[in-house]
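Asks: structural data only, the sequence is not supplied:
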């Protein structure tokens, strides 16, 4: 059984930064792409970013492009999401997920293409 555990959320002022971590129970990131999603109160879950393992492609939602950066530490089996210049509209529970191997390790956006999910970490951006 694969376990993904997110951490690093918290309360931050607008303009501030946070780094989220997603630690895996094993070397699952070797052949799976990784996705970050978020769900704000009263809203549907939305895709934020992904990292492809087959081509090292990184992709971002327009709303976070230029402010968020996804990265992977293979030795630590941990994926990071560095979030800078945070805005109140970034407030949400953030989830990491692994992309199904049948997608060939590519970076994809559809939550239906994810197989394992973490339980999320809450990010609140407020003054």
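Replies: Nice, thanks for sending it over. If you're wondering where the values come from, they're calculated on a predicted model, not measured in any experiment.
Asks: for residue 111, give me its contacts.
Replies: Contact partners of residue 111, counting by C-beta atoms under 8 Å, 6 or more residues apart in numbering, are 35, 37, 45, 47, 97. Placement of C-beta: from N, CA and C, glycine included.
Asks: ok, now with 7 Å
Replies: Residue 111 makes contacts with 37, 45, 47, as judged by C-beta atoms under 7 Å, 6 or more residues apart in numbering.
Asks: pretty sure the first one is in a helix, no?
Replies: Read it as residue 37. No - Residue 37 sits outside any helix when classified using DSSP: H, G, I helix; E, B strand; the rest coil, being strand.
Asks: okay, the residue nearest to the spatial centre of the chain and residue 114: tell me how far apart.
Replies: In the chain, the centroid-proximal residue (C-alpha atoms, centre = their mean) is residue 36; its distance is 2.3 Å. Here residue 36 is placed at a distance of 11 Å from residue 114 (C-beta to C-beta, to the nearest Å).
Asks: quick revisit: how close does the residue nearest to the centre of the chain sit to residue 127?
Replies: The value you get for residue 36 to residue 127, if C-beta to C-beta is used, is 25 Å.
Asks: how many residues are close by residue 114?
Replies: Other residues within reach of residue 114, judged by other C-beta atoms under 10 Å, total 22.
Asks: beta-bridge partners for the closest residue to residue 68 other than its chain neighbours, please?
Replies: Leaving aside its sequence neighbours, residue 68 sits nearest to residue 83 (C-beta to C-beta, 6 or more residues apart in numbering; 5.2 Å). With DSSP bridges as the criterion, residue 83 is bridged to residue 18, residue 68.
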